[in-house]
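1. pasted the sequence and its predicted model underneath.
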Amino acid sequence: MSGFNLLHLITKSQPVALRSCSLPSGACRTKKTWPVSFPQEELKKRLTPMQYHVTQERGTEGAFTGGFTHKDEGTYACVVCGAQLFSSNTKFDSGSGWPSFFDLVKEESVTVSDDFSHGIHRVETTCSQCGAHLGHLFDDGPRPTGRRYCINSASLAFQPKDGAEGGAASGPASDGKPEL
């Protein structure tokens with residue numbers, strides 16, 4: 001059943017209270033206190049405009065435009081707070097144009113919530129530590145999990161396994177701003 005049909009059934013049987021918010025239509029979520037927080041002014045200085053747009057405004061980078069097409073061994077962390085999210089061992093080429101992973105480093109590293117923006121139901125993924133928007137979760141991934149975490153490159157920092165680059169996180173920054 002499509003997201004529209006499901007939403008139609010729900011709204012037909014009971015009224016739905018609409019709330020205004022600054023997020024795209026259907027994308028409202030309740031305010032949550034995250035364990036780690038940063039002033040927005042600091043994030044605007046520290047992150048690239050695309051990183052800020054994706055992680056703080058729930059944006060999406062264009063397909064095939066992100067910087068994580070490499071197959072290097074390492075860990076992918078949240079670009080905002082540095083929490084470890086995904087291992088290169090679970091990365092796969094989904095053909096979607098965004099980095100895709102079939103599992104998390106730790107189950108509690110990502111928080112999921114319903115997203116009805118764009119007229120469809122999706123499952124949004126956010127960093128459990130700072131609430132940064134990462135991307136979405138789909139159920140069409142490979143075995144053993146069957147999950148596909150479709151993640152924006154702009155929300156990630158890569159930490160090479162061999163400690164190259166002094167162990168510093170690297171990512172798709174294009175204007176020289178530090179990522180973490």
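-> Here it is on my side, so go on.
2. now stretch 143-155: buried residues?
-> Of the residues in stretch 143-155, Arg147, Arg148, Tyr149, Cys150, Ile151, Asn152, Ser153, Ala154, Ser155 count as buried by neighbour count, 16 or more other Cβ atoms under 10 Å. Just so you know, the C-beta spots here come from the backbone N, C-alpha and C atoms, and that holds for glycine as well.
3. as a markdown table, these with distance to Gln84 and pLDDT would be great.
-> As requested, those are exported to a markdown table (distance: Cβ to Cβ, whole Å; pLDDT from 0 to 100):
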| residue | distance to Gln84 | pLDDT |
| --- | --- | --- |
| Arg147 | 18 | 97 |
| Arg148 | 19 | 97 |
| Tyr149 | 14 | 98 |
| Cys150 | 19 | 97 |
| Ile151 | 13 | 97 |
| Asn152 | 17 | 97 |
| Ser153 | 16 | 97 |
| Ala154 | 18 | 97 |
| Ser155 | 13 | 98 |
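4. want to throw the residues you listed into a markdown table with distance to Glu124 and secondary structure?
-> As requested, these are exported to a markdown table (distance: Cβ to Cβ, whole Å; DSSP: H, G, I helix; E, B strand; the rest coil):
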| residue | distance to Glu124 | secondary structure |
| --- | --- | --- |
| Arg147 | 14 | coil |
| Arg148 | 14 | strand |
| Tyr149 | 11 | strand |
| Cys150 | 11 | strand |
| Ile151 | 11 | strand |
| Asn152 | 12 | coil |
| Ser153 | 17 | helix |
| Ala154 | 15 | helix |
| Ser155 | 12 | helix |
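5. which of these sits closest to Asp103?
-> For these, the minimum distance to Asp103 (Cβ to Cβ) is 6.9 Å, reached by Arg147.
6. what's the distance between the closest one and Gln159?
-> In this structure, Arg147 lies at 22 Å from Gln159, with Cβ to Cβ, to the nearest Å as the measure.
7. now Thr125
-> If you measure Thr125 against Gln159 using Cβ to Cβ, the figure is 19 Å.
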